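A.B. asks: need coordinates for the following:
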Amino acid sequence: MENGRENKSDKKTLRKRRLLIVFLFLLSVLVLFFRPILKQMGRFLILDEPPVTSDAIVVLYTGVDYYSRLIEAARLYNANRADYIVINGNRKSEDLITLENMGFVPCCPWWEDFVRILELFDAPAENIISVSAEEAYDTVSEAERVGTELIERGFRSIIVTTSKYHTRRAGHIWKDRFAGELSVRVSAAKTDPFDPDAWWTQGRQIRWVLSEYGAWVYYYWKKITEPF
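C.D. replies: As a prediction, the model looks like this:
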């Protein structure tokens, strides 16, 4: 009986090894023969336009890669590309709203850490505009909320800064939505870790690329299906 179990275990291990070898072989073939296509997929996502003097620098909101966006905004500010930096955030899920109704109070305002980081790079707090976008859940709703407020404040030209892989789609959305109302330039966060020529070698960058292309499909699907 023990020999039979050992044989079954050996066979399973052998099958797993064979599958791994086949997978690695196919992956090697893909990278070897389709690397130019993979590179173009990564490069297409990036839009980094020469910045021009504008009314404000708008930092698009996200997760852990938000800090590179703040650094880029500070760099543009110190290069005298705009007099103001605009940040947004304060996203609220239904659970957070419920907790707040129960008495939960955050330890500090949502914008405080972001302002302190910008101040490290000599961007004064009085020149930082914070826009609460509680109901924004994607790039489109963020643009709608923040862009509308900027227009109401009298801004007519902006530089949008965001992560490299997010620049082309974000720029397209802002320019499409505010054509004739806002002049929009896009600046990629220079310290962002995205590598368009090797994105398929890192799990998180694979997720970024796949999610971006999926978001492009979703954006145009909504434009087609939404009633006029």
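A.B. asks: how about the helices in this structure?
C.D. replies: With helices called from DSSP state H, the chain shows them at 2-44, 66-78, 94-101, 112-120, 139-152, 167-177, 203-225.
A.B. asks: same for the fifth one, what does it pack against?
C.D. replies: Secondary-structure packing of helix 139-152 (3 or more C-beta pairs under 8 Å, 6 or more residues apart in numbering; DSSP states H and E): strand 56-59, strand 84-89, strand 128-132, helix 167-177, helix 203-225. To be clear about C-beta, it is placed using only N, CA and C from the backbone, and glycine gets the same treatment.
A.B. asks: ok, now with 6 Å
C.D. replies: Here helix 139-152 touches helix 167-177, going by 3 or more C-beta pairs under 6 Å, 6 or more residues apart in numbering; DSSP states H and E.
A.B. asks: may I see the buried residues of the helix it packs on?
C.D. replies: 167-175 (16 or more other C-beta atoms under 10 Å).
A.B. asks: tilt between that helix and helix 203-225?
C.D. replies: Helix 167-177 runs at 20 degrees relative to helix 203-225, counting by axes from the mean of the first three to the mean of the last three C-alpha atoms, to 10 degrees.
A.B. asks: contacting residues around helix 167-177?
C.D. replies: If you take C-beta atoms under 6 Å, 6 or more residues apart in numbering as the criterion, helix 167-177 is touched by 45-47, 60, 139-140, 143, 160, 162, 184, 186, 188, 216.
A.B. asks: for ChimeraX, what selects the buried ones among the residues you listed?
C.D. replies: This is how ChimeraX selects the buried members of the contacts of helix 167-177, with burial counted by 16+ other C-beta under 10 Å:
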select :45,46,47,60,139,140,143,160,162,184,186,188
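A.B. asks: nearest to residue 14, of the contacts of helix 167-177?
C.D. replies: residue 45 (41.1 Å; C-beta to C-beta).
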